[in-house]
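Asker: Kindly return the folded structure for what I paste below:
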Amino acid sequence: MSANPPLPSLSVVIPVYNEQDWIDRSVGALIASAEAARWPVEILVVDDGSTDGTPARLARLRDQFGITVLSQSNSGRFEARRAGMAKASGEWLLLLDSRVIVDTGSLGFLRDQLTGHPERTAWNGHINVASEHNPYAGFMAGLVAFSWREYFADPKLTSFGIEEFDRYPKGTGFFCARRDLLEGSAAAFESLFDDVRLASDDTRMLRWIAERARIHLAPQFSGTYHGRDSLKKFWAQSFFRGTTYVDSYLGSPGPARTALFGALAVGAVGAGLAVKKPKTTAALGIAGSAAAAAAVKKCGASTAEARAVGTLLPVFAAGFGSGVFRGLFLALRARLRRR
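Answerer: So this is what the prediction gives:
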């Protein structure tokens, strides 16, 4: 009888900025999942210049669990991750955001996949959104249900490459890959913007990986994302996502870029109509929000999530649209400066 294959070494990199309310829960859930899997993992948390109580909480976690804590001035998530990856020792790297709570069985499933199928070199986590009693998170959950309806209609082990890239959920908030893939994607990373803090480190890095390896998804490799919980934070997140969307898709032909140009056209027409016929514009906005709520409900969103979409869509559209215009301005400015 052959011996069991050795466990691969895994390093987990968690960038954090002002997340004093979540970092304990995130690290605690990760450790619980690792213990359930009987898999010793290296944990590195990179504090990206936090100004709240995060540093004190990280010091306690370091003393309690022996995690590695790195600190840097505020440079953005990409640079924080790169600092953690450079310090990590594992042959596999797992990127985790502090608001993602890893499900207990997730690392056991991942361990079995990496030992039994080492050719599956990239894994995107299956993310559930904690939307109960939080309409802002409920809105995001509704968008997820609609945008990735093909996968969420029947979640199961699957994979996608660059050809199907826009059809599947993805993100670096809970993502594992062989070290050479993640380091290669970080080295090749180039934003349309001058300020990397505003760059789309999610999509650009994952597109590079998808051109070289299939990215796998499975509901057993899962975590729960806890979204923003106030209107102010929701607006800021919408604005930021609009900016990063430009960096993600402006230079990449496909349905996502087509949607970007279509949204700009609709926004321009809507702005003109609002000036000339504000009542008509308001009526169309209400009808559009109601239609969006019905669409996400049909795609599997809960009643509360559909209600959140119908209520918050105008706020999201305004914030996201403003972010898109900022992104276009930043991209143009950077292009002119680099000539």
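Asker: Show me where the stretch 101-250 of the chain has its helices.
Answerer: 106-116, 135-147, 149-152, 179-188, 201-210, 231-249 (DSSP state H, counting those that start in this stretch).
Asker: Give me the contacts around the third one.
Answerer: Which is helix 149-152. Applying C-beta atoms under 8 Å, 6 or more residues apart in numbering, the contact partners of helix 149-152 are Val144, Ala145, Thr158, Arg167, Tyr168, Pro169, Leu217, Cys299, Gly300. The way it works is simple: take the backbone N, C-alpha and C, and place the C-beta from them, glycine included.
Asker: Filter the residues you listed down to the buried ones.
Answerer: Among the contacts of helix 149-152, those scoring as buried are Val144, Ala145, Tyr168, Pro169, Leu217, Cys299, Gly300 (criterion: 16 or more other C-beta atoms under 10 Å).
Asker: so of these, which ones are in strands?
Answerer: In strands, defined here by DSSP state E, the members of those are Leu217.
Asker: Which single one of the buried ones among the contacts of helix 149-152 is nearest to Ala256?
Answerer: Tyr168 (12.2 Å; C-beta to C-beta).
Asker: next one: phi and psi at the closest one?
Answerer: Backbone torsions of Tyr168, given as degrees, to the nearest 10, read phi -130, psi 150.
Asker: now do Pro6
Answerer: Dihedral angles (degrees, to the nearest 10) for Pro6: phi -70, psi 150.
Asker: and the nearest residue to Glu190 once chain neighbours are set aside, how far is that from Val102?
Answerer: Ranked by C-beta to C-beta, 6 or more residues apart in numbering and with sequence neighbours excluded, the top spatial neighbour of Glu190 is Arg204, at 7.6 Å. To Val102, Arg204 is 24 Å away according to C-beta to C-beta, to the nearest Å.
Asker: where do the strands sit along this structure?
Answerer: Counting by DSSP E, the segments of the chain that form strands are 10-16, 42-48, 68-72, 92-96, 100-102, 122-129, 158-160, 174-178, 215-225.
Asker: Let me know how buried the nearest residue to Trp123 once chain neighbours are set aside is, in neighbour terms.
Answerer: Among residues not flanking Trp123 along the chain, Cys176 sits closest, at 4.5 Å (C-beta to C-beta, 6+ apart). As a burial measure, Cys176 scores 25 neighbours (other C-beta atoms under 10 Å).
Asker: so Cys176 makes contact with Leu94?
Answerer: Yes. Under the criterion of C-beta atoms under 8 Å, Cys176 makes contact with Leu94 at 4.3 Å.
Asker: can I assume Ser200 is in contact with Asp247?
Answerer: Yes. Counting by C-beta under 8 Å, Ser200 does reach Asp247; the two are 4.0 Å apart.
Asker: got any residues that touch both of those two?
Answerer: In contact with both Ser200 and Asp247: Ser191, using C-beta under 8 Å, 6+ apart.
Asker: What ranges in this structure fall below the confidence cut-off?
Answerer: Within the chain, the stretches with pLDDT under 70 are 1-3, 261, 263-274, 281-282.
Asker: how about 80 then?
Answerer: By pLDDT under 80, the low-scoring segments of the chain are 1-5, 251-285.
Asker: What is the longest helix of it by residue count?
Answerer: Counting residues, the longest helix found in the chain (DSSP state H) is helix 303-338.
Asker: List the buried residues of that one.
Answerer: Neighbour-count burial for helix 303-338 flags 304-310, 312-313, 316-317, 319-324, 326-328, 330-331 (criterion: 16+ other C-beta under 10 Å).
Asker: Looking at the strands of the chain, spot the one closest to Pro255.
Answerer: Closest to Pro255 of the strands of the chain is strand 158-160 (C-beta to C-beta; 14.0 Å).
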